[in-house]
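Q: The sequence and its predicted three-dimensional model are supplied below.
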Amino acid sequence: MADKDVDMTDTVEEKKTTEDLLRMSMDSVFEEEKEETRTAGEERALVVAQLKGNITLCEKTANTKEVRFVLRSLRRTTSLRKRITKEILTDFVTSYFPDNADQKQNLLNFLAEIQNLDDLEMLDVRKGEDAKESLLPEQVTCIIPEVEVYLSLIVLIFLIDHRRFELAVDCANSLTQTLKKDTYNLRTLDPLRAKVYFYYSRSYELCKKLGDIRGDLLATYRTASLRHDPVTQATVLNLLLRNYLEYNLYDQADKLVSNISESREISSSSNQHARYLYYTGRIKAIQLEYTDAEKHLSEALRKAPQSSALGFRKTIQKLLCIVQLLTGEIPEISVFRQSGLKVALEPYFKLTWAVRVGDLVAFQEAVKTHRQVFIADKNLTLIHRLRRNVIKTGLRKINVAYSRITLKDICEKLHLESVQDTEFIVAKAIKDRVIDATIDHENGFLKSRETSDIYSTQEPLEAFHGRINFCLDIHNDAVMAMRYPAKTRKETEQERKDRLRIEQELNEEFEEDDEDDLLDF
């Protein structure tokens with residue numbers, strides 16, 4: 001009897017659990033439908049509330065000197081920037097800036113040049129009943145630097161999103177000049193300063209004037225180094241490398257990198273570190289240092305956000321495929337089947353197939369067909385170097401298949417220009433130990449030697465050595481990234497609660513979008 005009562009109790013509890021789950025799922029569906037049917041006035045109120053929350057975080061940073069609050073506001077701006085309208089920005093600038101502020105009139109003039117093309121403004125949200133009540137504070141008499149720079153940054157991003165690049169350049173110039181004043185030399189402004197210079201360079205790049213700010217970026221990097229501002233250092237360093245590579249100044253970029261040690265300023269941001277590794281990998285690839293280039297690009301691909309920043313991962317993966325082919329490796333087929341990368345990597349898959357089979361005709365056809373794609377990716381110079389690898393692969397197959405073959409037949413099989421060129425190419429391949437054979441110049445044929453056991457050479461040892469070094473590097477990085485609790489004294493109950501609260505806030509921040517630094521790559 002007792003067993004039956006227990007079974008009935010379990011059945012009732014399971015039924016309640018099922019009903020709760022169904023109720024929760026229905027509530028979530030209703031919430032989604034409510035979000036979809038949100039009116040223009042409600043949408044405006046929500047955007048205003050979120051902007052006010054970000055400004056509150058900036059004020060909290062100014063009061064507590066904790067930079068993590070302004071970092072959180074910058075992360076929240078990523079999803080907010082698509083919904084901000086001209087009217088909302090004008091209201092914020094008017095309400096938060098005092099009348100005697102020089103930056104106020106400048107920002108209002110920039111916003112006045114923007115036409116009302118936003119979806120919310122097309123609905124004329126000012127006619128909504130929800131918009132009657134003012135959601136902004138009363139007129140203020142002063143503004144703290146953190147809020148001033150944040151609102152100016154939002155206006156700059158708004159101009160770039162609306163493709164008013166010339167206005168964005170003027171706004172960025174005004175904002176950078178403001179940040180150079182001594183009153184703005186605050187450590188709480190470091191994340192905002194780094195973001196301002198990022199969009200400062202971006203606006204000039206979109207106007208095709210990137211070379212005009214190279215001197216200013218160098219001066220900014222020097223100032224950030226003297227002020228021990230690692231966030232701005234890492235950001236401006238990547239902007240300088242991008243500036244050099246945009247104009248193919250690889251020697252100058254290499255000189256800059258040679259004077260930089262991968263210390264705290266580069267590792268201060270995971271996204272900036274991934275950018276730095278990508279730029280250094282491209283420099284190494286151009287300078288024929290393919291092993292180092294592959295190492296840097298592989299590490300950049302690991303550090304990049306895996307669930308976002310698709311454009312950045314595409315760029316790295318394309319260059320990494322070419323570098324692997326130049327080193328004699330063949331990328332795995334799974335690389336070309338990744339979700340979101342299959343279409344973008346199709347031209348590189350055809351190149352890989354041509355190199356793998358040693359078909360020079362298929363290689364030349366792939367280069368000719370997708371030439372514009374390779375030019376847009378700035379990889380055409382490296383792809384032209386692959387012709388030699390295609391010929392080497394074809395020679396290896398011929399060397400394995402034939403114990404003796406004439407140079408004329410090799411010329412026909414590899415589709416080379418002449419027998420004399422074929423003889424030179426084969427001689428160079430023998431000298432580089434690509435094939436193990438001898439040339440009979442009098443009779444004009446190639447004689448292959450017996451294939452030796454690969455395990456009697458140093459190649460397996462070098463392969464294992466490379467894998468062991470890779471594992472050791474990952475172990476060292478993991479050890480350096482670990483956090484160890486303080487052992488000086490036992491923490492009190494209040495300190496433990498504060499520590500758990502801070503850790504919970506940090507976890508919430510990490511769960512938010514972390515791809516903001518890579519959106520405009």
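A: Received, thanks.
Q: quick one, what contacts the nearest residue to Ala304 once chain neighbours are set aside?
A: Nearest non-adjacent residue to Ala304, counting by Cβ to Cβ, 6 or more residues apart in numbering: Ala274, 4.8 Å away. Every residue, glycine included, has its C-beta placed from N, CA and C. Residues near Ala274 by Cβ atoms under 8 Å, 6 or more residues apart in numbering: Ala300, Lys303, Ala304, Phe312, Leu518.
Q: tell me the secondary structure for the fourth one?
A: In other words, Phe312. Following DSSP: H, G, I helix; E, B strand; the rest coil, the label given to Phe312 is helix.
Q: End to end on stretch 206-225, go ahead and measure it.
A: 27 Å (Cα to Cα, to the nearest Å).
Q: Give me the contacts around it.
A: The contact list for stretch 206-225 (Cβ under 8 Å, 6+ apart) reads 160, 165-166, 168-169, 176, 197, 200-201, 204, 232-233, 236-237, 239-240, 243, 246-247, 265.
Q: Could you rerun that using 6 Å?
A: With contact meaning Cβ atoms under 6 Å, 6 or more residues apart in numbering, stretch 206-225 is reached by Phe165, Val169, Tyr204, Thr232, Gln233, Val236, Leu239, Leu240, Asn243, Glu246.
Q: Now which of those residues would you call buried?
A: Neighbour-count burial (16 or more other Cβ atoms under 10 Å) is assigned, among the contacts of stretch 206-225, to Phe165, Val169, Tyr204, Thr232, Gln233, Val236, Leu239, Leu240, Asn243.
Q: From Ile330, how far out is the first one?
A: Shown here: Phe165 relative to Ile330, a distance of 42 Å by Cβ to Cβ, to the nearest Å.
Q: Also the last one?
A: For Asn243, the distance to Ile330 under the criterion Cβ to Cβ works out to 34 Å.
Q: Can I take it that the residue nearest to Ala304 is in a helix?
A: Yes: under three-state DSSP, Ala274 sits within a helix.
Q: Point out where the stretch 151-300 of the chain drops to low pLDDT.
A: In the predicted model, the stretch 151-300 of the chain carries pLDDT under 70 at residues 261-265.
Q: Ends of stretch 444-458, what's the gap?
A: End-to-end for stretch 444-458, by Cα to Cα: 33 Å.
Q: low pLDDT regions in the chain?
A: Scanning the chain for pLDDT under 70 picks out the ranges 1-38, 115-140, 261-265, 432, 450-453, 484-489, 509-521.
Q: Okay, strands next: where are they in it?
A: Ranges of strands in the chain, per DSSP state E, are 404-406, 437-440, 445-448.
Q: Tell me which of these is the most buried.
A: strand 445-448 (a mean of 18; mean count of other Cβ atoms under 10 Å).
Q: Partner strands of it and their direction?
A: Sheet pairing here is set by DSSP bridges, and for strand 445-448 it gives strand 404-406 (antiparallel), strand 437-440 (antiparallel).
Q: Show residues contacting the first one.
A: The contact list for strand 404-406, computed with Cβ under 6 Å, 6+ apart, reads Gly444, Phe445, Leu446, Lys447.
Q: do the same with stretch 350-370
A: So stretch 350-370 is contacted by Leu325, Ile330, Pro331, Pro347, Leu386, Asn389, Val390, Thr393, Gly394, Lys397, Leu414, His415 (Cβ under 6 Å, 6+ apart).
Q: Tell me, how many residues neighbour the residue nearest to Asp170 when sequence neighbours are not counted?
A: Nearest non-adjacent residue to Asp170, counting by Cβ to Cβ, 6+ apart: Phe110, 7.2 Å away. Neighbour count for Phe110, taken as other Cβ atoms under 10 Å: 22.
Q: Am I right that Phe110 is in contact with Cys171?
A: Yes: at 5.2 Å, Phe110 and Cys171 qualify as touching, with contact defined as Cβ atoms under 6 Å.
Q: Tyr276 versus Glu423, what's the distance?
A: Glu423 is 46 Å from Tyr276, by Cβ to Cβ.
Q: and those two? which has more neighbours close in?
A: Per other Cβ under 10 Å, whichever of Glu423 and Tyr276 has more neighbours is Tyr276, with 24 against 18.
Q: which residues sit in contact with the more buried one?
A: Asn238, Ile266.
Q: how much space between it and Val479?
A: For Tyr276, the distance to Val479 equals 21 Å [Cβ to Cβ].
Q: for Thr352, same thing?
A: Counting by Cβ to Cβ, the gap from Thr352 to Val479 is 36 Å.
Q: Compare those two and say which is more crowded by neighbours.
A: It is Thr352, of Thr352 and Val479, that has more neighbours when counted by other Cβ under 10 Å, with 23 against 8.
Q: Enumerate every residue touching Tyr244.
A: Contacts of Tyr244 (Cβ under 6 Å, 6+ apart): Gln252, Ala253.
Q: Which residue, neighbours along the chain excluded, lies closest to Ile144?
A: Excluding the flanking residues, the one nearest Ile144 by Cβ to Cβ, 6+ apart is Ala62, at 5.0 Å.
Q: which residues touch that neighbour?
A: By Cβ under 6 Å, 6+ apart, Ala62 lies in contact with Ile144, Glu146, Thr188.
Q: Report how many residues lie close to the residue nearest to Asn379 when sequence neighbours are not counted.
A: Distances taken as Cβ to Cβ, 6+ apart put Ile322 closest to Asn379, at 5.8 Å, once the chain neighbours are dropped. Look at Ile322: counted by other Cβ under 10 Å, it has 26 neighbours.
Q: what does Leu51 give?
A: Count around Leu51 with other Cβ under 10 Å applied: 26.
Q: same deal with Tyr278?
A: Quick note: Tyr278 (other Cβ under 10 Å) scores 26 neighbours.
Q: excluding its backbone neighbours, what's nearest it?
A: Here the residue nearest Tyr278, using Cβ to Cβ, 6+ apart, is Ala300, at 4.5 Å.
Q: unless I'm mixing things up, the one you found is touching Arg275, no?
A: No: the pair Ala300 / Arg275 is not scored as a contact, 7.7 Å apart, by Cβ under 6 Å.
Q: Angles on the backbone of Glu289, please.
A: Here is the backbone geometry of Glu289 (degrees, to the nearest 10): phi -100, psi 70.
Q: Quick check: it vs Ser339, distance?
A: As judged by Cβ to Cβ, Glu289 and Ser339 stand 32 Å apart.
Q: For Glu246, give me its contacts.
A: Leu210.
Q: For Phe464, see how far away it is.
A: For Glu246, the distance to Phe464 - Cβ to Cβ - is 40 Å.
Q: Also Val70?
A: Using Cβ to Cβ, we find Val70 at a distance of 48 Å from Phe464.
Q: Give me the more crowded residue out of those two.
A: Remark: of Val70 and Phe464, Val70 carries more neighbours, 25 against 10, as counted by other Cβ under 10 Å.
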